[in-house]
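J.: structural data only, the sequence is not supplied:
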């Protein structure tokens, strides 16, 4: 009887392991190919836009096409990344149309210079792939949720080349304080496969070199604490801007076609008034400039404004790359003012803003190590903890749940502030 009791759990574990190796490899391969192709398309759209500034004036047309596509597929109420999160935390599902719609819509947004990222598309693409695979091989509801997380990890890893962070983020973002450890092996396998296949297609992993990192001492630690406090307020402000802009658009323009036309006009006007297209698109170029210590002091505010104007009205993409851009430019500005390495400050700002808007400290620590290497580990640990704590219950995703309090050892099960 004792031997049987030992053997049965072992057999169950082996069955789980073998089953999810096969499933995660399948999802990882598909996610890697689709994610790599998607990244290629976004890179092409961005390069074309940067070489032809006139694409900005096609923003109204692109906006109408995006709204029309979602209407044609009866996806007007599609909640994007929030829908993917709800597919894991509840009985809702990711519609099959979500994948192709977000693929095309994000490329159109980047082609005309809308301020958006790629990770929202990655999570939605991956969630759609995972959900479809779950139905295809007839997984039960609980396993289908793991398949959705697998897809998210695969495409996220394919786009950013940060497989460990991609695998952990999908498990951590849904419910803060609770990790879905049953998805650990599937998500990591899918993320590494997605990143590997994407690399074979020619997508380079994101990484940055920090110049002038200070010694870790009392003064350096005090600086990152101060920067973390400021970044917490910036992250709260950015989340509020995004949610408020969406509400204001819907209140003033009930018709989605009029709404996106109005946003296009505002965005074009802002671009012309600023005299630059630096704040258009995802913002990777601004991140690189911030890491080199060369950005305008107001860049973080302008990027936040441009992102809220575009995404609040219905242009597609994601908020994470703009978040990293806002964090890097804000950190660079503070570094200049405080006389601390702007490059180091930009890296710390990126990390702090990421945790402030996603509420995922473990994923943030890992992505910091994958983007910048391990030399700044102690600084990153401090600023992540400070900003995570002080950013409260604000977040990018309204469907995200907080299982436990940030300030007390108690179960609260509350939603993120809108």
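T.: Received it, and whenever you're ready, just let me know what you need. Note that the structure is predicted; figures quoted are calculated from it, not measured. Numbers count the residues shown, from 1 in each chain.

J.: residue 94 versus the most centrally placed residue in the chain, what's the distance?
T.: In the chain, the centroid-proximal residue (Cα atoms, centre = their mean) is residue 320; its distance is 3.7 Å. Counting by Cβ to Cβ, to the nearest Å, the separation of residue 320 from residue 94 is 19 Å. C-beta: built from backbone N, CA, C; applies to glycine.

J.: next: residue 344.
T.: Taking Cβ to Cβ, one finds residue 344 at 39 Å from residue 94.

J.: now do the contacts for residue 372.
T.: Taking Cβ atoms under 8 Å, 6 or more residues apart in numbering as the criterion, residue 372 is in contact with 207-208, 210, 347, 380.

J.: the more surrounded of residue 344 and residue 94?
T.: Taking other Cβ atoms under 10 Å, residue 344 and residue 94 do not tie; residue 94 has more neighbours (29 against 26).

J.: and the strands in this structure?
T.: In the chain, the strands defined using DSSP state E lie at 175-176, 401-404, 411-415.

J.: same list (those strands) but as a markdown table, adding mean neighbour count and mean pLDDT.
T.: Conversion of those to a markdown table gives the following (neighbours: other Cβ atoms under 10 Å; pLDDT from 0 to 100):
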| stretch | mean neighbour count | mean pLDDT |
| --- | --- | --- |
| strand 175-176 | 20 | 90 |
| strand 401-404 | 18 | 90 |
| strand 411-415 | 12 | 86 |
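
J.: wait, doesn't the residue nearest to the centre of the chain sit right on residue 354?
T.: Yes. Contact status for residue 320 versus residue 354: in contact at 7.2 Å, counting by Cβ atoms under 8 Å.

J.: pLDDT below threshold where in the stretch 1-150 of the chain?
T.: 1-8 (pLDDT under 70).

J.: tell me which of the strands of the chain lies nearest to residue 289.
T.: When the strands of the chain are compared by Cβ to Cβ, strand 175-176 sits nearest residue 289, at 32.4 Å.

J.: roughly how far out does the closest one sit from the chain middle?
T.: 15 Å (Cα atoms, centre = their mean, to the nearest Å).

J.: and that strand, which strands flank it?
T.: Strand 175-176 pairs in its sheet with strand 401-404 (parallel), by DSSP bridges.

J.: can you report how many residues neighbour residue 217?
T.: Residue 217 has 9 neighbours, counted by other Cβ under 10 Å.

J.: what's the spacing between it and residue 325?
T.: Plainly put, residue 217 is 30 Å away from residue 325 if you go by Cβ to Cβ.

J.: biggest helix in the chain by residues?
T.: When the chain is parsed with DSSP state H, its longest helix is helix 2-51.

J.: name the helices or strands packed onto that helix?
T.: helix 98-112, helix 119-136, helix 141-160, helix 184-201 (3 or more Cβ pairs under 8 Å, 6 or more residues apart in numbering; DSSP states H and E).

J.: export these as a markdown table, with columns for distance to residue 400 and mean neighbour count.
T.: Converted to a markdown table, those look like this (distance: least, Cβ to Cβ, whole Å; neighbours: other Cβ atoms under 10 Å):
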| stretch | distance to residue 400 | mean neighbour count |
| --- | --- | --- |
| helix 98-112 | 18 | 24 |
| helix 119-136 | 12 | 27 |
| helix 141-160 | 14 | 30 |
| helix 184-201 | 17 | 24 |
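
J.: skipping adjacent residues, who's closest to residue 135 in space?
T.: In this structure, residue 135 finds its nearest non-sequential neighbour in residue 144, 7.2 Å apart by Cβ to Cβ, 6 or more residues apart in numbering.

J.: pretty sure the one you found sits against residue 127.
T.: No. Counting by Cβ under 8 Å, residue 144 stays clear of residue 127, with 10.9 Å between them.

J.: quick one, what contacts residue 383?
T.: Counting by Cβ under 8 Å, 6+ apart, residue 383 has contacts 224-225, 227-228, 231, 348, 351-352.

J.: and what of residue 367?
T.: Neighbour list for residue 367: 162, 165, 169, 351, 354 [criterion: Cβ under 8 Å, 6+ apart].

J.: I'd assumed residue 364 was in contact with the fourth one.
T.: So the one you mean is residue 351. Yes. Counting by Cβ under 8 Å, residue 351 does reach residue 364; the two are 6.0 Å apart.

J.: the two: which is more packed in?
T.: Under the neighbour definition other Cβ under 10 Å, residue 351 and residue 364 were set side by side, and residue 351 has more, 31 against 27.

J.: for residue 124, see how far away the more buried one is.
T.: Distance of residue 351 to residue 124, given as Cβ to Cβ: 24 Å.

J.: returning to what we had before: mind checking the helices and strands packed on helix 2-51 for the one nearest to residue 272?
T.: helix 98-112 (14.3 Å).

J.: top of the contacts of residue 372 by neighbour count?
T.: Counting neighbours by other Cβ under 10 Å, the top entry in these is residue 347, with 31 neighbours.
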